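1. Here is a sequence together with a model predicted from it:
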Amino acid sequence: MMKLKLQREQKEALIESVQHYFETERSETIGSIAAEQLLDYMIQELGPHIYNHAIKDARKTVSERLQSVEDDLYALEQNIPGRR
């Protein structure tokens, strides 16, 4: 299984975001270690679902673009006189 590895700056910003959420939404104070553990748990649990959804979206986009290219190629074909 692929494990998501965040850059330190990203992880620190997310930890601060978790702490801010707890303070503003729940009126609770959560330390940086607890926030990091919660973040790690959420990434472990939600990460594969979000990743698979992103892959599904990318697959759809690529498929649509390939269909568009195929349509463009058909439009470039020239009629050959005498063919029925």
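-> Structure received.

2. Give me the most central residue, the chain.
-> In the chain, the centroid-proximal residue (Cα atoms, centre = their mean) is residue 54; its distance is 4.4 Å.

3. Let me know the helix or strand that that residue is in.
-> Following DSSP states H and E, the helix or strand that holds residue 54 is helix 32-76.

4. Run through the neighbouring helices and strands of that helix.
-> Helices and strands touching helix 32-76, as assessed by 3 or more Cβ pairs under 8 Å, 6 or more residues apart in numbering; DSSP states H and E, comprise helix 8-25. No exception for glycine: its C-beta is placed from N, CA and C like everyone else's.

5. Now do the buried residues in the helix it packs on.
-> If you call a residue buried by 16 or more other Cβ atoms under 10 Å, then helix 8-25 has these buried ones: 14, 15, 18, 19, 22.

6. can you list the residues that contact it?
-> Contacts made with helix 8-25 from outside it, assessed by Cβ atoms under 8 Å, 6 or more residues apart in numbering, are listed as 6, 28, 29, 30, 31, 32, 35, 36, 38, 39.
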